[in-house]
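Enquirer: Give me coordinates for this.
(chains A, B and C)
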Amino acid sequence: MTALAATVRHARYVIGENPVTGLAFALFVLIVLLALVGPYVVPIDPLASDTVAALKPPSLRHWFGTDQLGRDIFSRVVIATRLDFGIAVWSVVLVFVMGGLAGVAAGFFGGWTDRIVGRIADTIMAFPLFVLAMGIVAALGNTVTNIVIATAIVNFPLYARVARAEANVRREAGFVEAARLSGNGDLRILAFQILPNVFPILVVQMSLTMGYAILNAAGLSFIGLGVRPPTPEWGIMVAEGAAFMVSGEWWIAFFPGLVLMVAVFCFNLLGDGLRDIVDPRRRT
Amino acid sequence: MLALILKRLLMAVPSLIGVVIVTFLLTRALPGDAAAYFAGPAATREAVEQVRVKLGLDKSLPEQFVRYLRDLVRGDLGTSLTTGQPVVSEIRTRLPASAELTLLGLIVSMGVAVPLGILAATRPGSLIDHACRVVATAGVSLPVFFTGLILVYVFYYLLGWAPAPLGRLDIFFTAPPQVTGFYLIDSLIAGNGELFLASLNQLVLPALTLGVFSLAPIARMTRASMLAVLSSDFVRTARACGLSPLTVTVTYAFRNAMLPVVTTLGMVFSFLLGANVLVEKVFAWPGIGSFAVEALIASDFAPVQGFVLTMAVMYVALNLMIDVLYGLIDPRVRIEA
Amino acid sequence: MTAVPALAVEDLSVEFRTRSGVVKALEGVSFSVGKGETLAIVGESGSGKSVTAYALMGILDPAGRVTAGRAVLGGLDLIAASASELAEVRGREIAMIFQNPRTALNPIRPVGRQIADVLIRHGNVRRAEAPAGTVDLLRAVGITDPARRAQAYPFEMSGGMCQRVMIALALAARPALLIADEPTTGLDVTTQAVIMDIVAELAGESGMATIFITHDLALAGQRADRIVVMHAGHVVENATTRELIARPNHPYTAELIAATPDGATSLDALAAIAGSLPDLRRADLPPCRYSERCPRKTDLCDQPLPHPPPGSAHFVACWNPL
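Expert: Model (predicted):
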């Protein structure tokens, strides 16, 4: 049986054994689906405002109610899935490549590369993470791209450290000598031999980072950094609805926040499930 | 002991240097015209040029860095456009509000999480154990601003138990005479019980929000650590020696189990200092977090820079204290040093 | 007329619940230790020696259960005793020392305080007198400069010194019985001898009975009055040291002796013991757990093993003894 087939079989066993993990996987698939086809299947145009129907509680027509501009909250929440999920995915890809390459290079070359990467990681970790993200987005400008960059930078140290440890092990295992002998340049070795092997170890962390990225983006949007109205994004919808919480129109902030929570929870459970699949010894 | 503190202090220096450099880069490496940022969106061309010269933004980067350092040493963090006050004095006035809130949140959090973790570890498989695990997993998924809003809705709007989220004190009260800046302490020093209760009243919901937020990692770590320690060799010896269950659990198991928890506090503070900003916005708390957020909205840049620098320096100092605390508890670190 | 033994274990059986099944770790273990006697329990790793000790002390892993048997110490059945009765006895009448003394002591508490904890708990010593009592105990186990050493932490002491501290902990309340679980494993030979001497001396002074658990038959031969041989959770032979070494009755004992080096044998002459321990989770374990690896197996061996008759000087659990 190939390694992949064995992993799939083990995965199915783990999912079957623990229903919560199975639920997390199902939810994850749902989120991906919504992100992909959401914009095409929403009942009402998320940007259409209808001041007559403003501030209406949940009803049959508006499942999550309407906000202060009469926009349908349910449609907006579904649309926002694409944006938030996209932010999560891009952040994770960016940090894996950046942190992974840097860490692998540090472990592989040692010496000054190692020291510089180490210093950068230490400096990043000297900041409270959300504060650093605030500073970066404020400096670079209020865009979604910069949220992704900020999230990636803030998570850089963790990925660099794990990648570095793995690269160290492999360097010493003569893995690299073999690749060199077959004529591969150093960069090729790093990118195509070592980095892919670091992936399974980091995949658990990547799932958790996706959850963190969404929380981070939502938090930044909540304080006015990054996503701007009228773009639907879970965090900014909570911000817009915050003022109305105090006067009793709870649904405006509640539903986006709830969906946000469920998504993050799903990614965390997914991470736990992946951990059971990848390395059951680390179960807590 | 002193050697340990000095050693840790020295190790904190590179972090501080890194922090200063990064905050410098963040503000000078702005895309576009940095002077325009600092002059504000309403500035005229001449005003922007004036700001450029005043802040030395026309000079080379190394020269700017030297100026920046010089200003820092003098305690000059720039001036806020919106209030016209020096950033340093604004931060100094607002810092106690944030500190009081964060400290109270931490106390709430540890007060619940540590006993929860201990009970979960000493009664494996029980209801408390499951509750602890649910808390630990769910807690990290809760967006802190959402928790705050829900608490406001339930306890203020629905139940009417909590006061309106409008800051540190109700309008009818005036702040106590400033000693520490902590309203709880200052009102007690002034002997004003009513003021103390009023301050506490306003503090409950925001502190609870922060507490709920940081509950999860502490509970998880306490439980895991206690479990590990309870099955260790030396706890087995303590039991074999017939020491009372209380002595075994507290003096032998708990103290050792706290070591990883203290280390976790570093990470918890990182979360707390960030979450502080969000909670201050929800509850209109006049701390440095909301100071920065208001400045951001107004495109007032100097306060944001000052805020990031202050938070980072505080974080370095907190980590230093945690290291020293760890050294106090664990003699292996102290004596090896 | 036999005197009342310090400890009489009868038919002790212990099970462990694990993910992969129930492990029948001990079955029908019986032996007794007289006052002032030194008993050695020997056997391979996994034979159940430590499990027996933990069951007697009441510190079994939560997954373990005593399913049958009695263990009478000073009139009290340790197995059937209530939690409060055990609390009176543990550490006071029955005490234990462990292997790996460094990890068996609290790493962040000065050794003097750890001894004081036990003294205050059991020794009817007032808090103010505890430091003096601690110093006396440390001196009694042969630690030089005991007043200064009492402030030290375990990581500042050698393995041998830590083991002495453990002995001090165990003997603080002058128990009637001391169980020593592989007390010298991991220590160098000279220290081993010193530790065993200290235990023997202190036991002699107070008439304390000692059980020491070891896989080293040679050590048992030097120090013990009587040896109990265990295999796969059963007691297979129980005799005085001289009898056991000279005339072993159980095939397993003979193999053990053959596998034990003494000054004369060369390594090549040492025999390995054939086979390995049976899987104790099996439902179809034979009555004699050694039979599957025994060269002397006969049809008789399928019937349940004999129980030790009371007062027997040399017991062997075998239908086809040597």
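
Enquirer: what's C:Leu178 sitting at in phi/psi?
Expert: With angles defined as degrees, to the nearest 10, C:Leu178 sits at phi -120, psi 130.

Enquirer: The strand or helix carrying B:Pro96 and chain C in contact?
Expert: Assigned by DSSP states H and E, B:Pro96 belongs to helix B:87-122. No - Helix B:87-122 does not reach chain C (CB under 8 Å from any CB of the partner chain); its nearest approach is 11.2 Å. Just so you know, the C-beta spots here come from the backbone N, C-alpha and C atoms, and that holds for glycine as well.

Enquirer: what mean pLDDT would you report for the following helix or strand past that helix?
Expert: From helix B:87-122 onward toward the C-terminus, using DSSP H and E, the following helix or strand is helix B:127-139. The average pLDDT for helix B:127-139 rounds to 82.

Enquirer: ditto for stretch C:147-161
Expert: Per-residue pLDDT values across stretch C:147-161 average out to 91.

Enquirer: what does stretch B:5-25 give?
Expert: In this model, stretch B:5-25 has an average pLDDT of 87.

Enquirer: As a quick check, tell me the outermost residue of the chain.
Expert: I went with chain A, as the question did not name one. A:Leu181 (38.3 Å; CA atoms, centre = their mean).

Enquirer: wrong one, I was asking about chain C
Expert: C:Ala128 (34.5 Å).

Enquirer: Show me the strands in the stretch 151-300 of chain C, by range?
Expert: In the stretch 151-300 of chain C, the segments counted as strands under DSSP state E, counting those that start in this stretch are C:177-181, C:209-214, C:226-231, C:234-240.

Enquirer: B:Ser98: neighbour count?
Expert: Here the number of neighbours of B:Ser98 (other CB atoms under 10 Å in any protein chain shown) works out to 25.

Enquirer: Equivalent analysis for B:Ser141, please.
Expert: Neighbours of B:Ser141 under the rule other CB under 10 Å: 20.

Enquirer: for stretch A:135-145, which positions count as buried?
Expert: Residues of stretch A:135-145 classed as buried: A:135-140, A:142, A:144 (neighbour count, 16 or more other CB atoms under 10 Å in any protein chain shown).

Enquirer: Which members of those define the maximum pairwise distance?
Expert: Farthest-apart pair in the buried residues of stretch A:135-145 is A:Gly135 and A:Val144; separation 17.3 Å (CB to CB).

Enquirer: and the stretch 101-250 of chain C, which residues reach chain B?
Expert: Checking the stretch 101-250 of chain C against chain B by CB under 8 Å from any CB, the hits are C:103-109, C:117-118, C:121-122, C:153, C:155-156, C:166, C:169-170, C:172-173.

Enquirer: Drop anything exposed from those.
Expert: Buried among these (16+ other CB under 10 Å): C:104-109, C:117-118, C:121-122, C:153, C:166, C:169-170, C:172-173.

Enquirer: for the chain, longest helix please?
Expert: Reading this off chain A. Secondary structure of chain A per DSSP state H: the longest helix is helix A:73-109.

Enquirer: That was the other one, I meant chain C.
Expert: Secondary structure of chain C per DSSP H: the longest helix is helix C:189-206.

Enquirer: how about that one: buried residues?
Expert: Result for helix C:189-206 [16+ other CB under 10 Å]: buried residues C:191-192, C:194-196, C:198-199, C:202-203.

Enquirer: How about stretch A:45-58?
Expert: A:46, A:49, A:53, A:55-56, A:58.

Enquirer: Same check on stretch C:210-229?
Expert: Of the residues in stretch C:210-229, C:210-217, C:219-221, C:223-229 count as buried by neighbour count, 16+ other CB under 10 Å.

Enquirer: same deal with stretch C:306-322?
Expert: Judged by neighbour count (16+ other CB under 10 Å), stretch C:306-322 contains these buried residues: C:308, C:315-319.

Enquirer: which one of those residues sits closest to chain A?
Expert: Lowest distance from chain A to the buried residues of stretch C:306-322 (CB to the nearest CB) belongs to C:Ala317, with 39.2 Å.

Enquirer: For C:Ser276, see how far away that closest one is.
Expert: Shown here: C:Ala317 relative to C:Ser276, a distance of 19 Å by CB to CB, to the nearest Å.

Enquirer: next one: phi and psi at the residue farthest from the centre of chain C?
Expert: Dihedral angles (degrees, to the nearest 10) for C:Ala128: phi -70, psi -30.

Enquirer: so what pLDDT did it get?
Expert: pLDDT for C:Ala128: 86.

Enquirer: Run a quick neighbour tally on residue 278.
Expert: Went with chain A since none was named. Neighbour tally, A:Val278, other CB under 10 Å: 17.

Enquirer: Sorry, I should have been clearer: chain B.
Expert: Using other CB under 10 Å, B:Leu278 has 29 other residues around it.

Enquirer: mind checking which helix or strand it is in?
Expert: B:Leu278 is located in helix B:255-282, with elements delineated by DSSP H and E.

Enquirer: repeat for C:Leu305
Expert: Residue-wise, C:Leu305 maps onto no helix or strand under DSSP H and E.

Enquirer: shouldn't A:Ala54 be in contact with A:Gly65?
Expert: No - applying CB atoms under 8 Å, one finds A:Ala54 not in contact with A:Gly65, separated by 10.1 Å.
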